[in-house]
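Engineer: pasting the structure only:
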């Protein structure tokens with residue numbers, strides 16, 4: 001790949017995830033402490049990610065793949081996103097904040113596919129080249145967290161009290177306008193589906209529903225939706241929890257999870273080859289239960305190591321389940337349904353699963369709040385129990401011993 005193009009793609013990926021990490025990690029704390037949002041209101045705000053994931057395929061399938069260059073749509077979406085993010089920065093009430101965040105996520109979620117499309121279009125061997133570009137996205141997310149905690153101290157006890165977390169939206173807005181303008185300098189990525197007839201079934205990957213006739217794939221599919229319920233608790237509550245229990249620089253320390261994600265992603269092929277798909281994905285499920293038990297019984301004092309270990313388990317939780325699941329789906333789908341199957345799994349997890357998860361997390365958080373104070377022990381024990389039940393269901397019912405699995 002041309003070195004100039006590599007730098008451009010890396011910078012694009014860095015900003016793409018810097019923007020997301022700049023405000024999403026601390027969102028739960030901001031909603032609770034600065035906007036006085038209830039559990040269900042917080043769940044509704046986080047659910048906008050799921051609505052964005054559900055609507056995104058239509059924007060990509062009906063517009064990007066047929067009429068306009070991907071880099072131009074990327075630029076327009078991020079410029080519009082910068083405006084919405086600035087409105088979120090100015091919002092003083094949850095009723096004002098919600099329409100802006102919903103509109104923003106509907107625009108942002110399609111950009112995750114667009115940056116991949118722009119990248120893949122410049123690669124001759126994506127399997128070898130993409131990871132070196134995509135890792136800059138993780139570095140962008142880490143950089144945002146480190147800035148918030150260690151450079152600006154917006155998530156400190158005093159910063160939260162003084163409303164400084166609001167600045168995360170301003171930082172994301174500035175980064176979004178930079179990426180929006182920069183996108184027009186990216187390599188041209190013309191629409192590949194121009195003139196082709198695209199149906200709703202194509203967009204949502206519904207052709208891959210045929211895979212659900214396979215009992216084991218059906219078990220995996222249902223488990224993927226169910227495991228997203230405990231996952232939602234982490235996204236929605238982790239930063240607020242760490243802030244409430246008095247952990248210093250919580251946002252910066254949460255980047256340990258992204259560092260862990262990179263390391264375990266490198267270890268995944270070795271684990272896969274030695275233990276196979278079922279054991280790998282079971283480890284990922286069990287890790288969710290363990291991390292929440294650590295959160296339930298840890299504290300910011302002498303047991304702070306339990307909280308750090310819980311954060312560090314993110315790599316196993318995410319990579320061993322979601323990345324393994326994507327590889328398994330790819331192996332089961334065959335050439336004809338590869339894209340459709342990945343689209344279906346994405347819709348099931350980030351769309352349906354997370355939507356249910358955020359609603360459940362919001363309601364549980366509100367239920368175990370007494371006089372405005374959360375009972376964090378119960379708030380974490382419940383998703384730990386859900387994750388363990390999913391672990392048992394998958395362990396008992398999934399029994400795929402096909403040749404495809406052993407060769408993954």
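Structural biologist: Yep, that arrived. The model shown is predicted, which means the values in this text are computed figures rather than measured ones.
Engineer: Residue 54 belongs to a helix?
Structural biologist: Yes - counting by DSSP: H, G, I helix; E, B strand; the rest coil, residue 54 is located in a helix.
Engineer: Who are the contact partners of the closest residue to it other than its chain neighbours?
Structural biologist: Closest residue to residue 54 apart from its sequence neighbours, by Cβ to Cβ, 6 or more residues apart in numbering: residue 351 at 4.3 Å. Glycine gets a C-beta too; all of them are placed from N, C-alpha and C. Residues in contact with residue 351 (Cβ atoms under 8 Å, 6 or more residues apart in numbering) are 50, 53, 54.
Engineer: Select from those residues the one having the most neighbours.
Structural biologist: Scoring the contacts of residue 351 on neighbours with other Cβ atoms under 10 Å, the highest-scoring entry is residue 50 at 25 neighbours.
Engineer: Give me the distance between it and residue 72.
Structural biologist: 27 Å (Cβ to Cβ, to the nearest Å).
Engineer: so how many other residues sit close to residue 131?
Structural biologist: Number of residues near residue 131 (other Cβ under 10 Å) recorded here: 12.
Engineer: so it, which of the three states?
Structural biologist: helix.
Engineer: How about residues contacting stretch 374-384?
Structural biologist: Residues outside stretch 374-384 that contact it (Cβ under 8 Å, 6+ apart): 229-230, 233-234, 237, 241, 244-245, 288-290, 292-293, 295-297, 361, 364-365, 368-369.
Engineer: again, only using 7 Å
Structural biologist: 229-230, 233, 237, 241, 244, 289, 292-293, 295-296, 364-365, 368 (Cβ atoms under 7 Å, 6 or more residues apart in numbering).
Engineer: Which of the helices and strands in the chain ranks last by mean pLDDT?
Structural biologist: Within the chain, no helix or strand scores below helix 403-406, which has a mean of 43 by mean pLDDT, DSSP states H and E.
Engineer: Would you map out the domains in this structure?
Structural biologist: The record, using automatic domain parsing to delimit domains, assigns the chain the ranges 1-185, 202-408.
Engineer: May I see those organised as JSON lines, with distance to residue 191 added?
Structural biologist: Converted to JSON lines, the domains of the chain look like this (distance: least, Cβ to Cβ, whole Å):
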{"stretch": "domain 1-185", "distance to residue 191": "5"}
{"stretch": "domain 202-408", "distance to residue 191": "14"}
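Engineer: Which of those domains has the lowest mean pLDDT?
Structural biologist: Lowest mean pLDDT within the domains of the chain: domain 202-408, at a mean of 89.
Engineer: In stretch 213-227, which residues are buried?
Structural biologist: For stretch 213-227, the neighbour count (16 or more other Cβ atoms under 10 Å) marks 216, 217, 219, 220, 221, 222, 223, 224, 225, 226, 227 as buried.
Engineer: what helix or strand does the last one sit in?
Structural biologist: This points to residue 227. helix 215-244 (DSSP states H and E).
Engineer: Show me what that helix is packed against.
Structural biologist: For helix 215-244, the elements it packs on are helix 27-33, helix 39-59, helix 250-297, helix 324-346, helix 354-367, helix 376-397, judged by 3 or more Cβ pairs under 7 Å, 6 or more residues apart in numbering; DSSP states H and E.
Engineer: what helices or strands is the second one leaning on?
Structural biologist: Translated: helix 39-59. Where contact means 3+ Cβ pairs under 7 Å, 6+ apart, helix 39-59 is packed against helix 27-33, helix 94-120, helix 200-204, helix 215-244, helix 354-367.
Engineer: Of the ones you listed, give the one that comes closest to residue 387.
Structural biologist: helix 215-244 (4.3 Å; Cβ to Cβ).
Engineer: Pull out the buried positions in stretch 35-54.
Structural biologist: Buried residues in stretch 35-54, counted by 16+ other Cβ under 10 Å: 35, 37-39, 41-54.
Engineer: and residue 230, how far is that from residue 98?
Structural biologist: From residue 230 over to residue 98 (counting by Cβ to Cβ), the distance is 25 Å.
Engineer: neighbour count winner among the two?
Structural biologist: Between residue 230 and residue 98, residue 230 has the larger neighbour count (other Cβ under 10 Å), namely 27 against 19.
Engineer: is it true that that one touches residue 288?
Structural biologist: Yes - between residue 230 and residue 288 a contact is recorded at 5.1 Å, counting by Cβ atoms under 7 Å.
Engineer: Quickly list what's touching both of the two.
Structural biologist: residue 387.
Engineer: quick one on the thing from earlier: between the helices and strands packed on helix 39-59, which one is closest to residue 161.
Structural biologist: Per Cβ to Cβ, nearest to residue 161 of those: helix 27-33, 7.7 Å.
Engineer: name the helices or strands packed onto that closest one?
Structural biologist: Packed next to helix 27-33, using 3+ Cβ pairs under 7 Å, 6+ apart, are helix 39-59, helix 215-244.
Engineer: quick one: the helix holding residue 227 to helix 376-397, angle?
Structural biologist: 170 degrees (axes from the mean of the first three to the mean of the last three Cα atoms, to 10 degrees).
Engineer: Helix 215-244 versus helix 39-59: what angle between them?
Structural biologist: 130 degrees.
Engineer: what's the angle between helix 215-244 and helix 250-297?
Structural biologist: Going by the same axes, to 10 degrees, helix 215-244 makes 110 degrees with helix 250-297.
Engineer: chain center to stretch 79-99, what's the gap?
Structural biologist: From the chain centre to the centre of stretch 79-99 is a distance of 21 Å (Cα atoms, centre = their mean, to the nearest Å).
Engineer: List the contacts of that stretch.
Structural biologist: Outside stretch 79-99, the residues that touch it by Cβ under 7 Å, 6+ apart are 35, 37, 41, 44-45, 100-101, 103-104, 107-108, 166, 169-170, 172-173, 176-177, 180.
Engineer: do stretch 25-40 as well
Structural biologist: Counting by Cβ under 7 Å, 6+ apart, 42, 45, 93-94, 97, 145, 148, 155, 160, 163, 165-166, 168, 236-237, 239-240, 243, 251, 254, 362-363, 365-366, 369 sit against stretch 25-40.
Engineer: Just want the most central residue of the chain.
Structural biologist: Central residue of the chain (Cα atoms, centre = their mean): residue 350, 7.6 Å from the mean position.
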